[in-house]
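Participant: curious how this folds, go ahead:
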Amino acid sequence: MKQVFSILFIAFLSINSFAQTTWNADPAHSQVTFEITHLTIADIKGNFNKSEGSIAASKEDFSDAQYQIFIDVPSKETGVENEG
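Facilitator: Below is the predicted model of the structure:
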């Protein structure tokens with residue numbers, strides 16, 4: 001019985017150490033913003049209303065992290081009329 005327990009324990013540690021964890025951006029607490037300079041005299045700030053993002057990593061130090069972000073460009077908003 002002790003040997004079976006040891007094998008199961010090692011198997012659990014192996015699975016756990018290679019498990020990948022994924023964190024998704026919470027839309028209510030995340031934003032994608034930008035700032036551009038127009039004709040070197042005015043700074044225009046804006047944001048994208050629709051975006052998604054995630055980070056996946058299996059190492060604690062994030063050395064193998066993979067980042068993904070998707071931005072819906074037509075959802076941009078600057079507050080400037082005729083932003084086209």
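
Participant: where does this protein have low pLDDT?
Facilitator: Where the chain drops to pLDDT under 70, the residues are 1-18, 82-84.

Participant: which residues in it form helices?
Facilitator: All helices of the chain, identified by DSSP state H, fall at 2-18.

Participant: what residue lies at the spatial centre of it?
Facilitator: With distances taken as C-alpha atoms, centre = their mean, Ser54 lies nearest the centre of the chain, 3.0 Å away.

Participant: how close does Ser75 get to Lys50?
Facilitator: Counting by C-beta to C-beta, to the nearest Å, the gap from Ser75 to Lys50 is 4 Å. No exception for glycine: its C-beta is placed from N, CA and C like everyone else's.

Participant: whoops, I mixed them up, Ala57
Facilitator: In this view, Ala57 and Lys50 are 25 Å apart by C-beta to C-beta.

Participant: name the residue in these two with the higher neighbour count.
Facilitator: Taking other C-beta atoms under 10 Å, Ala57 and Lys50 do not tie; Ala57 has more neighbours (16 against 13).
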